[in-house]
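Visitor: Predicted coordinates and the sequence they were generated for:
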Amino acid sequence: MLNEDRLLAVARYLEGDMEPQERQDFETLLQEDAELREMQASYKDIHQTLKMKIAPTVEDLQLQSTLSALNEQYFKASSAEGEDHPLPKPADEVKVAKVVSMKPYLKWATIAAVLIIGLFVWAPWSSGLYNQYSFSKQMSVAERGADQQNPMAKAAALYNKGDYAEARKILQQEYMMSPQNPLLAYYFAITLIETGQEYEARTVLINLHNGESVFKYDAAFYVALSFVKQDDKEQAVAWLLKIPTENVNYEKAQSLIQKLK
Amino acid sequence: MAKNIHPDQRYIIGLINNDTAIINDIYKRCAGKVRSWITFNNGSDDDAADIFQESLMDIYRQAKYKSLELTCPFEPYILLICKRKWLNAIKKRSVLPVTNSEEDLLLIGEDTFANADYLESQEQQSKLFYEAFEKLGDRCKEIISWSMKGEAQEKVAEALGVTYGYLRKKKSECMASLVKIVQSTKTEF
């Protein structure tokens, strides 16, 4: 086989693009061919490395914001003299985190911009079971007088109107600042689902589910719903089964499981 | 590779889990030292903050995506990484460093150098891979980034207006050409 053909075979094997028989043949070949194994290892390495560069996860962004907050605390105590000579960097390094508070948000905006294109294509799929079973259609925040400027109140108003895309923008900013707030995380995740970002939503929800807040099982239910939206019944059922009998959503979960079967 | 993982690996795990208490501990122990070293070497507080944050993010990414394991104490490790980063940055700014040997900050063991070297080489590699990625055609870049973001392939296909089968085939082809570009840049050295 030529180098190119071998590379393509490795790619097809690792990307799951081989028929069972071809797969088996390739595995036999791998065992005999050390060079091919090396090629496979370097393929995986390139894939992983690139993934960490071009697809930051919610966790990556959360850490970024933890660090930014601590930076304020530990480095910005006094002087501001450094501001007139910012550090010059090659373009690819800039992505790491130059401007402390702005960068994570910009990254988000980029991800959001790319994903939002998908929204228009996918939204129609999401009707049906998802809409029938989603229960948090109203977002309620603690009353704070007539303070309309409060971002949470604004986000809630948009959310309750069904304008999830706009609500998401606000919640995202708030969430970056206080990722530990369960109420915020919960509604932020729902706006992500509503705008076709199920994968991101799940990282937020699973975190929430692993915690001990009142949203623990609501989060599990919405993870399931995000899979429903993506037509992944098996995963959806697996998540619905996590909801215990004493939970208010138990009946609903069981009935959804029945429909998914 | 048989490795003795240093107990300070817990800092790395703290970073992965975004554990505020542990990360705060890192800042408490190291931020002041990085700050005074960088400001002593013609940097500002902001420079120090950026360098420190970048270094922590580098370590985090290597740990999370490529299971970095620390075989040396954390503190000299992060200090060495920050120092090197800063020396590189001022080289580009053509400012002369006040100190230019690496031993002046504190006594650093060989294993610390080895760990820092490893991180640096990983970063260089990741730059190289990214450059190779940039050389791909737009369609390939699009397909690769979509699929790396973990989206369901059916959806990616739908969004790009192609069939599922085509997408899968194209993705393998794109990744193969990416690896080929990396291979060819490596042999140029």
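Guide: Received, thanks.
Visitor: Could you look up the SS state of A:Met18?
Guide: The local conformation at A:Met18, judged by DSSP: H, G, I helix; E, B strand; the rest coil, is coil.
Visitor: Tell me who's in contact with it.
Guide: Residues counted as contacts of A:Met18 (CB atoms under 8 Å, 6 or more residues apart in numbering or on different chains) are A:12, A:26. For glycine as for every other residue, the C-beta is placed from the backbone atoms N, C-alpha and C.
Visitor: So for it, what's the pLDDT?
Guide: On pLDDT, A:Met18 comes in at 89.
Visitor: neighbours of whatever residue of chain B ends up closest to chain A, just the number please.
Guide: Residue nearest to chain A within chain B: B:Ser44 (2.0 Å; CB to the nearest CB). Using other CB atoms under 10 Å in any protein chain shown, B:Ser44 has 21 other residues around it.
Visitor: which strands and helices sit next to the lowest-mean-pLDDT helix or strand in chain B?
Guide: Here the helix or strand of chain B ranked lowest by mean pLDDT, DSSP states H and E is helix B:153-160, holding a mean of 80. For helix B:153-160, the contact count by 3 or more CB pairs under 8 Å, 6 or more residues apart in numbering or on different chains; DSSP states H and E identifies helix A:102-122, helix B:138-148, helix B:164-187 as packing neighbours.
Visitor: for chain A, which residue is closest to the average position?
Guide: A:Glu200 (1.2 Å; CA atoms, centre = their mean).
Visitor: re earlier: show me what counts as buried in the least confident helix or strand of chain B.
Guide: B:153-160 (16 or more other CB atoms under 10 Å in any protein chain shown).
Visitor: What's the per-residue pLDDT of the residue of chain B closest to chain A here?
Guide: With respect to pLDDT, B:Ser44 has a value of 90.
Visitor: What of A:Pro90?
Guide: pLDDT, A:Pro90: 40.
Visitor: got it, and the one 4 residues further on?
Guide: With respect to pLDDT, A:Val94 scores 39.
Visitor: Check the one 4 residues further on too.
Guide: In the predicted model, A:Lys98 carries a pLDDT score of 40.
Visitor: neighbouring contacts of stretch A:251-261?
Guide: A:129, A:133, A:135, A:221, A:224, A:228, A:233, A:236-237, A:240-241, A:243, A:247.
Visitor: Can you say which of those residues are buried?
Guide: A:129, A:133, A:221, A:224, A:228, A:233, A:236-237, A:240, A:243, A:247.
Visitor: Output the below-cut-off pLDDT ranges for the stretch 51-200 of chain A.
Guide: Scanning the stretch 51-200 of chain A for pLDDT under 70 picks out A:77-127, A:141-149.
Visitor: which ones are touching B:Phe52?
Guide: A:71, A:75, B:30-31, B:34-35, B:78, B:82.
Visitor: Can you list the buried residues in the helix of greatest length in chain B?
Guide: Longest helix in chain B by number of residues, with DSSP state H as the criterion: helix B:110-135. Under the neighbour-count criterion of 16+ other CB under 10 Å, helix B:110-135 has B:111-112, B:115-116, B:119-120, B:122-123, B:125-126, B:128-129, B:132-133 buried.
Visitor: which element is A:Met139 on?
Guide: Taking DSSP states H and E as the definition, one finds A:Met139 inside no helix or strand.
Visitor: where's it relative to B:Asp25, distance?
Guide: 36 Å (CB to CB, to the nearest Å).
Visitor: Quick check on the residue of chain B closest to chain A: phi, psi?
Guide: Note on B:Ser44: backbone dihedrals following degrees, to the nearest 10 are phi -100, psi 180.
Visitor: How about B:Pro73?
Guide: In terms of degrees, to the nearest 10, the main-chain angles of B:Pro73 are phi -60, psi 150.
Visitor: got the contact list for the closest residue to it other than its chain neighbours?
Guide: Of all residues not flanking B:Pro73 in the chain, B:Asp8 sits nearest, at 5.2 Å (CB to CB, 6 or more residues apart in numbering or on different chains). Residues counted as contacts of B:Asp8 (CB under 8 Å, 6+ apart) are B:70, B:72-75, B:77.
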